[in-house]
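Undergrad: Sequence plus predicted model, see below.
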Amino acid sequence: MVILAFSFADRLALGIVLQDIKTDLDLSDTQLGFLTGIAFALFYAIMGVPIARWADRGDRVKIISLAIAVWSAGVALCSFATSFLQLLLIRIGVAVGEAGCLPPSHSLIADFFTRAERPRAVSRFMLGGPLALTIGLFAAGWLNEFYGWRATFAIIGLPGLALATLAALTLKEPRRAKTAGTLSIASGLQTHPQSSFEPSFKDACARLWANGAYRHLVLCYSVWAFFGWGILQWQPAFFIRSHGLQTGELGTWFALVHGLAAGAGVYLGGELAGRYAANNERLQLLACAVAFVFFAVVNACAYLVSDHYVAFGALMLAAIGGNTAQGPILATIQTLVAPRMRAISIAVVFFFSNLIGAGLGPLAAGALSDALQPSMGQESLRYALVILCPGYFWASWHLLRASRSVAHDLKAAQIADSDPATSANPWATAK
């Protein structure tokens, strides 16, 4: 959870200091959207695939530790950038490092928990996101106000080097165990029996494509990321421009809204799924679809009101509703695939969600704001964010489609895992 928080914190800190970077380096909104979007996401997405293949076969703890060291050094180096090109190249290096966090982490967690336990376990892990919002927004807001954006990146980046060492010394890799399904007694943890089948990259892609529920969850996550990152990355700039807030006050508010409320949503989603819908992925996905609809409506209201206290209140409600889906969706993905495909399945999800979502979302929001500038003036960003909000209905539709076939696809995945040599098309067999 702490590792995940550090991997997200710098991206959120970048959002808080975006206005100061714009002024210091004389950049346009479109350039800022490119820097925070496609330039970062392209390398994050592409590098995630080979790293995931490595994680499905190798030592995931070593991969995670190395990744932390790489991205932390890159974040600290951001403080030395003096031009758009320099900052762009450094952010690409950070992206390569952060690509080594999510796929091996999800794969590692799935080895320790059963199908019924995974929504809770994944939700606990995904609490790193709200924790990152607290660190990245609260700390970055005040650090930027007192010391400037350059010092902010140095202070946020350097502690990650110590975290890399801590991860290498404390995390356990089940594949090192001498007996399948068991770790050392001293660790206090136990894995579960799993197939040793290792599909080729081509076979893994074919199995993932044949899985209808998985396809719709990939599309859902991509759409969610497009509108989510497009809106989130520009929220600080919106409150600075339209409500006149300073970064210190803004960081405090966002820490409360996104840290507390989003954390409550992630935790609540895992608890409800584990308690009332254990082993019932269809019900979990239907509930997530309803939460997305609520999230879309309330989120739009936050940008239309004139009082920033009311706006933050609406954002808090929206954060609770939207983040309940984190654990159930990602846990379902891990249950839908064979153990030796878990890292690649997550890498594919984040390949598309980052390339389409994190890559194009902030760029689209920035370009839309620039396009509305002649008619809307100072309020162009406000209406750009409002226009993006209904996109969550689209993500909700994909959740509904996934819920219809998830039971069938789970059965097909079990057939494929139990008899990989003869199940060339287990999705047809499952019918």
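TA: Yes, it's here. This one's a predicted model, so the numbers in the text were calculated from it and none came from an experiment.
Undergrad: Count the neighbours of the nearest residue to L399 once chain neighbours are set aside for me.
TA: Of all residues not flanking L399 in the chain, A289 sits nearest, at 3.9 Å (C-beta to C-beta, 6 or more residues apart in numbering). Bear in mind the C-beta positions are built from the backbone N, C-alpha and C, glycine included. A count of neighbours around A289, defined by other C-beta atoms under 10 Å, yields 20.
Undergrad: How about T335?
TA: By other C-beta under 10 Å, neighbour count at T335 equals 21.
Undergrad: pLDDT at it, what is it?
TA: At T335, the pLDDT value in this model is 87.
Undergrad: What of the one 10 residues further on?
TA: S345 carries a pLDDT value of 88.
Undergrad: all helices of the stretch 1-150 of the chain, in order?
TA: 2-16, 18-25, 29-36, 38-57, 60-77, 84-98, 102-112, 118-126, 128-133, 140-147, 149-157 (DSSP state H, counting those that start in this stretch).
Undergrad: measure the residue nearest to L399 to V310 for me?
TA: Separation of A289 from V310 (C-beta to C-beta, to the nearest Å) stands at 27 Å.
Undergrad: Equivalent analysis for F146, please.
TA: 29 Å.
Undergrad: what mean pLDDT would you report for the helix or strand harbouring the residue nearest to L399?
TA: Assigned by DSSP states H and E, A289 belongs to helix 281-304. What helix 281-304 shows for mean pLDDT is 93.
Undergrad: With stretch 48-68 instead?
TA: Mean predicted lDDT for stretch 48-68 stands at 91.
Undergrad: and it, which residues are buried?
TA: For stretch 48-68, burial by neighbour count (16 or more other C-beta atoms under 10 Å) applies to 48-49, 51-56, 60-68.
Undergrad: Check what pLDDT the residue lying closest to L4 once chain neighbours are set aside gets.
TA: Excluding its sequence neighbours, the residue lying closest to L4 (C-beta to C-beta, 6+ apart) is G128, at 2.8 Å. As predicted, G128 sits at a pLDDT of 90.
Undergrad: Over to the one 5 residues further on?
TA: According to the predicted model, the pLDDT of L133 comes to 74.
Undergrad: looking at it, it is touching W253, isn't it?
TA: No: taking contacts as C-beta atoms under 8 Å, L133 lies outside contact range of W253: 11.3 Å.
Undergrad: Tell me which of these two has more neighbours.
TA: For L133 versus W253, neighbours defined as other C-beta under 10 Å are more numerous around L133 (27 against 22).
Undergrad: need the contact list for the nearest residue to that one once chain neighbours are set aside.
TA: Nearest non-adjacent residue to L133, counting by C-beta to C-beta, 6+ apart: H258, 3.8 Å away. Listed by C-beta atoms under 8 Å, 6 or more residues apart in numbering, the contact set of H258 reads 130, 133-134, 137, 315, 319.
Undergrad: need the residues you listed in TSV with distance to P339, can you?
TA: What follows is the contacts of H258, written out as TSV (distance: C-beta to C-beta, whole Å):
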residue	distance to P339
P130	29
L133	32
T134	33
L137	36
L315	39
A319	33
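Undergrad: Just flag the most distant two among those.
TA: T134 and L315 (14.7 Å; C-beta to C-beta).
Undergrad: Between those two, which is the more surrounded one?
TA: Between T134 and L315, counted using other C-beta under 10 Å, the more crowded position is L315 (24 against 21).
Undergrad: Please list all residues in contact with the more buried one.
TA: Neighbours of L315 in contact, by C-beta under 8 Å, 6+ apart: 235, 257-258, 261, 299, 302.
Undergrad: rerun at 6 Å
TA: Contacts for L315 (C-beta atoms under 6 Å, 6 or more residues apart in numbering) come out as 257, 302.
Undergrad: what's the answer for the one 5 residues further on, then?
TA: Applying C-beta under 6 Å, 6+ apart to I320 gives the contacts 261, 264-265.
Undergrad: Compute the number of surrounding residues for L169.
TA: Neighbours of L169 under the rule other C-beta under 10 Å: 9.
Undergrad: please begin residue numbering at 2 from this point
TA: All right, first residue 2 from here; so that's L170.
Undergrad: Against A163, how distant is it?
TA: L170 is 11 Å from A163, by C-beta to C-beta.
Undergrad: Same question for L369.
TA: Distance of L369 to A163, given as C-beta to C-beta: 40 Å.
Undergrad: again with R92
TA: As judged by C-beta to C-beta, R92 and A163 stand 22 Å apart.
Undergrad: okay, those two: which has more neighbours?
TA: Remark: of R92 and A163, R92 carries more neighbours, 23 against 12, as counted by other C-beta under 10 Å.
Undergrad: Let me see the contact set for that one.
TA: By C-beta under 6 Å, 6+ apart, the neighbours of R92 are F41.
Undergrad: How about L15: what's its closest non-neighbour residue?
TA: Counting by C-beta to C-beta, 6+ apart, L15 lies nearest to T37, which is 5.9 Å off, once chain neighbours are set aside.
Undergrad: And G252, by the same measure?
TA: G142 (1.7 Å).
Undergrad: and that neighbour, what pLDDT?
TA: At G142, the pLDDT recorded in the model is 80.
Undergrad: for the one 5 residues further on, same thing?
TA: We have a pLDDT of 88 for F147.
Undergrad: Contacts only, for the closest residue to it other than its chain neighbours.
TA: Leaving aside its sequence neighbours, F147 sits nearest to G249 (C-beta to C-beta, 6+ apart; 7.8 Å). By C-beta under 6 Å, 6+ apart, the residues touching G249 are 142-143, 146.
Undergrad: just G367 next, same as before
TA: Contact analysis of G367 by C-beta under 6 Å, 6+ apart lists 30-31, 33-34.
Undergrad: ok, now with 10 Å
TA: Residues in contact with G367 (C-beta atoms under 10 Å, 6 or more residues apart in numbering) are 19, 29-38, 231, 234-235, 238, 382, 385.
Undergrad: circling back to that earlier point, helices or strands next to the helix holding A290 in the packing?
TA: With contacts taken as 3 or more C-beta pairs under 10 Å, 6 or more residues apart in numbering; DSSP states H and E, helix 282-305 sits against helix 213-233, helix 236-244, helix 263-277, helix 309-324, helix 327-337, helix 381-389, helix 392-419.
Undergrad: In the last one, which residues are buried?
TA: For helix 392-419, a neighbour-count test (16+ other C-beta under 10 Å) marks 392-404, 406-407, 410-411, 413-418 as buried.
Undergrad: same question, stretch 242-252
TA: Those would be 242-244, 246, 248-252, for stretch 242-252 by 16+ other C-beta under 10 Å.
Undergrad: Please report the distance of A74 from G101.
TA: Going from A74 to G101 by C-beta to C-beta gives 13 Å.
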